[in-house]
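> Okay, structure incoming, though there's no sequence with it:
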């Protein structure tokens with residue numbers, strides 16, 4: 001990044017075009033949701049760490065998902081809350097680039113983790129007798145580390161192309177965080193190639209895992225339908241329903257934002273949709289995926305009983 005080309009040293013995040021009263025209301029609401037996100041995912045991490053009965057591949061991957069969700073929310077929400085009370089607070093150039101990079105890492109890593117979790121469910125339901133052999137701890141650690149590594153590498157592709165661009169004004173990012181497409185609009189150069197690469201990376205990170213998830217669940221449904229007992233079929237489907245809800249929420253909004261054609265979309269819609277990734281999905285994941293799970297609720301009860309004074 002050439003210092004003689006980059007005259008901009010800070011950006012201003014414009015956030016949402018709302019009345020002062022509405023911004024105060026949203027500050028209170030989003031602060032509450034952010035707190036729920038940290039508490040919910042923190043509880044999940046704590047239970048998985050402390051309860052030996054949750055030391056299984058499924059909950060190992062879930063702990064990584066909870067970690068990503070906490071990091072996801074922390075990378076964007078605090079800055080958004082500050083801007084709701086004090087509009088157009090500056091963020092340094094380095095801070096903006098860092099926020100962009102972290103958001104991409106966590107988004108792409110979550111895509112890959114959800115794919116790995118669908119594979120885990122496929123092995124558990126379709127190959128139950130070989131589950132412990134296939135999903136050994138060595139394999140689980142390799143899959144988790146591969147998800148993080150690929151997430152970082154794909155994010156680096158976007159950042160390597162973004163950082164050399166000259167930024168000489170304007171300084172106003174039309175978003176509540178340094179989202180990469182919003183930042184690209186401020187570059188004093190042709191960014192068509194960058195936009196194509198962003199969409200290509202997003203497509204690779206979204207469509208590839210979605211395709212793998214669809215294949216996994218196709219096999220799961222086929223295997224579940226062959227189970228003779230209604231109770232067995234219900235149990236098989238119930239173990240996957242939570243994961244499917246999370247997948248639908250996460251991938252649905254991501255595909256709308258990055259993969260479908262961008263032309264003609266209202267500018268505000270591009271701001272509000274990422275809220276699902278930054279705030280709502282990380283908050284809902286513990287509720288959808290874990291806190292309604294009998295094993296997690298049983299672990300929570302055991303932990304509370306241990307802490308209760310005699």
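Looks like it arrived, so ask away. This structure is a prediction, so every number in the text was calculated from the model and none was measured.
> in this protein, which helix or strand is least confident?
helix 267-275 (a mean of 65; mean pLDDT, DSSP states H and E).
> Now the element after it, going C-ward?
Next along the chain after helix 267-275, taking DSSP states H and E as the criterion, comes helix 281-285.
> Give the residue spans of the stretch 151-300 of the chain that score low on pLDDT.
232, 235-239, 242, 257-271, 289-293 (pLDDT under 70).
> Can you show me the helices along it?
180-184, 192-225, 230-254, 267-275, 281-285, 294-307 (DSSP state H, counting those that start in this stretch).
> Distance check, the nearest residue to residue 254 once chain neighbours are set aside against residue 64.
Counting by CB to CB, 6 or more residues apart in numbering, the nearest residue to residue 254 once its immediate chain neighbours are dropped is residue 206, at 5.5 Å. (C-beta placed from N, C-alpha, C; glycine too.) Here residue 206 is placed at a distance of 19 Å from residue 64 (CB to CB, to the nearest Å).
> With residue 80 instead?
Distance from residue 80 to residue 64, by CB to CB: 25 Å.
> For the residue nearest to residue 254, grab the count of nearby residues.
20 (other CB atoms under 10 Å).
> from what I can see it touches residue 253, true?
No. Look at residue 206 against residue 253 with CB atoms under 8 Å: they stay out of range, at 10.5 Å.
> Would you mind telling me which of the helices of the stretch 151-300 of the chain is nearest residue 44?
When those are compared by CB to CB, helix 294-307 sits nearest residue 44, at 7.2 Å.
> OK, contacts around residue 185?
174, 191 (CB atoms under 8 Å, 6 or more residues apart in numbering).
> Surely residue 162 and residue 183 touch.
Yes. Assessed by CB under 8 Å, residue 162 is found in contact with residue 183 at 7.1 Å.
> Overlap in contacts, the two.
By CB under 8 Å, 6+ apart, the residues touching both residue 162 and residue 183 are residue 100.
> what element comes up after whichever helix or strand residue 58 is part of heading to the C-terminus?
Assigned by DSSP H and E, residue 58 falls within helix 57-85. The C-terminal neighbour of helix 57-85 among helices and strands, as given by DSSP H and E, is strand 90-92.
> which residues are contacting that next one?
Taking CB under 8 Å, 6+ apart as the rule, strand 90-92 contacts 9, 10, 11, 12, 13, 79, 99, 178.
> Tell me, how many residues neighbour the closest residue to residue 10 other than its chain neighbours?
With CB to CB, 6+ apart as the criterion, residue 10 has its nearest non-adjacent residue at 4.3 Å, and that residue is residue 90. Neighbourhood size, residue 90 [other CB under 10 Å]: 13.
> partners of residue 90 in the sheet?
Bridge pairing for residue 90 (DSSP bridges) gives the partners residue 12.
> how far away is it from residue 219?
According to CB to CB, residue 90 and residue 219 sit 51 Å apart.
> again, but for residue 296
26 Å.
> Neighbour count: those two, which is higher?
residue 296 (21 against 15).
> Does residue 68 touch residue 112 like I think?
No. With contacts counted by CB under 8 Å, residue 68 stays clear of residue 112, the gap being 9.9 Å.
> ok, these two, which is more surrounded?
residue 68 (26 against 23).
> Buried residues, stretch 136-152. List them.
Under the neighbour-count criterion of 16 or more other CB atoms under 10 Å, stretch 136-152 has 140, 143, 144, 147, 148, 150, 151 buried.
> same deal with stretch 115-129?
115, 116, 117, 118, 119, 120, 121, 122, 123, 124, 125, 126.
> tell me the pLDDT at the first one?
Translated: residue 115. At residue 115, the model reports a pLDDT of 92.
> Touching, it and residue 211? I think so.
No. Counting by CB under 8 Å, residue 115 does not reach residue 211; the two are 9.1 Å apart.
> before we move on, back to that, kindly indicate which of the buried residues of stretch 115-129 lies nearest residue 241.
Using CB to CB, the buried residues of stretch 115-129 come closest to residue 241 at residue 121, 10.5 Å.
> Next, the contact list for that closest one, please.
58, 216, 220, 239, 240, 243.
> rerun that using 6 Å as the cut-off
By CB atoms under 6 Å, 6 or more residues apart in numbering, the contact set of residue 121 is residue 240.
> what does the model give it for pLDDT?
On the pLDDT scale, residue 121 gets 87.
> Next one: it from residue 221, what distance?
From residue 121 to residue 221 the distance is 11 Å (CB to CB).
> Apart from its neighbours in sequence, what residue is nearest residue 284?
Nearest non-adjacent residue to residue 284 (CB to CB, 6+ apart): residue 249, at 6.7 Å.
> With residue 114 as the reference, measure out to that neighbour.
Residue 249 is 10 Å from residue 114, by CB to CB.
> quick one, which of the two is more surrounded?
Neighbours were tallied for residue 249 and for residue 114 using other CB under 10 Å; the higher tally belongs to residue 114 (22 against 17).
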